[in-house]
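S.K.: generate a structure from the sequence data that follows.
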Amino acid sequence: MIHCSAIVSDSELLRKILEFSKEVYFIQMEECFSQYESSKKLLNSNTIDLIFLETRIDNYSAFEFYMNYKNSINVIFIGKDKSEAFDAFFSDAIDFLDFNINFSRFIQAINKAKRTIDYQRSLSRFEDNFLHIRSEYKLVKIAHSEITYFETLDDYIKVHLLGKKPILTLMSMKNLLNKLPAEKFIRVHRSYIVSIQKVISVRGKTIDLGISEVPIGKSYESDFYKMYMKEGF
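M.R.: Here you go, the predicted structure:
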């Protein structure tokens, strides 16, 4: 499934995109926006594979906006000025569509996007020892061996690393757990996920990770100790 969002101010164009998308079984449209700024939280959430992006909204350029997400999210630009196709090409976009798009042209662009995203996903399967997250408008690759624990801070998650500055990312604990191998990481509290290999000791309901101590929540205690004992600690 390809998770998509649209940032389009023209209501007729948005209607057409949504209508066409319903006819494609491998597309799931998420929240859509009429302004660039209002979309930032969703685009930083690591859940969107592809955005349909109107090239100009209220005299603001989509190309400048997209530079913050380049190499971390795929885009199909949509514009009235066909000369903007050159800007789309140099932005490494999947495609450029005209406002007067028909279903056949839409399918052509979507199939190109699917091939690209399928390839990206196939590459990620060869990188099972890494976590990819978005932080400060960049896609960051973190080795599992560097991660000590994760901590929730409101809507953000702080990734605590060995010998490095922590990294903040906008993501839910649920989505994070889906990205992590269950044999390496375990949730021990509603606010914490730890690397089981980084556990130095456990005292009562407190885990010593060397760089910090984190509590064990009552509802997570049983699963943690099962994994802890299985690892031979």
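S.K.: burial measure for residue 208, as a count.
M.R.: Look at residue 208: counted by other Cβ atoms under 10 Å, it has 14 neighbours. Placement of C-beta: from N, CA and C, glycine included.
S.K.: for it, give the beta-bridge partners.
M.R.: Under the criterion DSSP bridges, residue 208 forms beta bridges with residue 201, residue 213.
S.K.: how about residue 79?
M.R.: Those that pair with residue 79 in a beta bridge, by DSSP bridges, are residue 98.
S.K.: please tell me how far it sits from residue 32.
M.R.: Separation of residue 79 from residue 32 (Cβ to Cβ, to the nearest Å): 17 Å.
S.K.: what do you get for residue 17?
M.R.: With Cβ to Cβ as the criterion, residue 17 and residue 32 are 8 Å apart.
S.K.: of these two, who's got more company?
M.R.: Counted by other Cβ under 10 Å, residue 17 and residue 32 do not tie: residue 17 has more neighbours, with 23 against 17.
S.K.: in contact with the more buried one, which residues are there?
M.R.: 6, 8, 52, 78, 106 (Cβ atoms under 8 Å, 6 or more residues apart in numbering).
S.K.: please apply the same query to residue 228.
M.R.: Contact analysis of residue 228 by Cβ under 8 Å, 6+ apart lists 196, 199, 202.
S.K.: what does residue 34 give?
M.R.: Neighbouring residues of residue 34 by Cβ under 8 Å, 6+ apart: 7-9, 14, 57.
S.K.: which residues touch residue 32?
M.R.: 5-8, 14, 18.
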